[in-house]
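>>> I'd like to go over a predicted model; first the sequence, then the structure.
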Amino acid sequence: MAKLATLKPRVQPAPSRIATMQPGSWRTGKQSSAARGYGYRWQQYRLRFLAEHPLCVMCQAEGRVTAATIVDHKQPHRGDERLFWEPTNHQALCKPHHDGEKQREEHEQA
């Protein structure tokens, strides 16, 4: 019996979708979320904030009603603890707005 020829793959591997850290970013060190400030104290604050602000502010601006699941820092704190805990720097967002539109805005400013 003859051996079958091996076919070369026609599909190229997809590029990684994992975001890479920018050099000099405050998050370039492989710290845990708790080490970056998002530990128990933040989780308790987050629950209180979302109870007081249950709707996504970006969805509301678009005339939609969507539950917020993320407490976002309006201005990136980049490790500044004062800015991290400043209540006026927080807003309630849904995950699609936080991961999409908000991230694009921050990358354009950087």
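Done, it's in.
>>> if I read this right, Phe84 contacts His73, doesn't it?
Yes - if you go by Cβ atoms under 8 Å, Phe84 and His73 touch, sitting 7.0 Å apart. Bear in mind the C-beta positions are built from the backbone N, C-alpha and C, glycine included.
>>> any residues in contact with both of those two?
Between them, Phe84 and His73 share no contacting residue under Cβ atoms under 8 Å, 6 or more residues apart in numbering.
>>> where do the strands sit along this protein?
Listed in chain order, the strands of the chain (DSSP state E) span residues 70-73, 90-93.
>>> most packed of the ones you listed?
strand 90-93 (a mean of 21; mean count of other Cβ atoms under 10 Å).
>>> neighbours around Ala35, how many?
10 (other Cβ atoms under 10 Å).
>>> How far away from the center of its chain is stretch 31-45?
In terms of Cα atoms, centre = their mean, to the nearest Å, the centre of stretch 31-45 is found 14 Å from the chain centre.
>>> where in the protein is pLDDT low?
Where the chain drops to pLDDT under 70, the residues are 1, 15-29, 110.
>>> Look up how far Glu105 lies from the residue most central in space within it.
Centroid check for the chain by Cα atoms, centre = their mean gives Asp99 as the closest residue, at 5.0 Å. Using Cβ to Cβ, to the nearest Å, one gets 12 Å for the distance from Asp99 to Glu105.
>>> got the contact list for the closest residue to His90 other than its chain neighbours?
Among residues not flanking His90 along the chain, Val71 sits closest, at 5.3 Å (Cβ to Cβ, 6 or more residues apart in numbering). Residues in contact with Val71 (Cβ under 8 Å, 6+ apart) are 45-46, 49-50, 90-93.
>>> tally of neighbours for Ser33?
10.
>>> What backbone torsions are found at it?
phi -60, psi -40 (degrees, to the nearest 10).
>>> ok, and what's touching the longest helix along the chain?
Identified as the longest helix of the chain according to DSSP state H is helix 40-52. For helix 40-52, contacts defined as Cβ under 8 Å, 6+ apart pick out 34, 68-69, 71, 90, 92.
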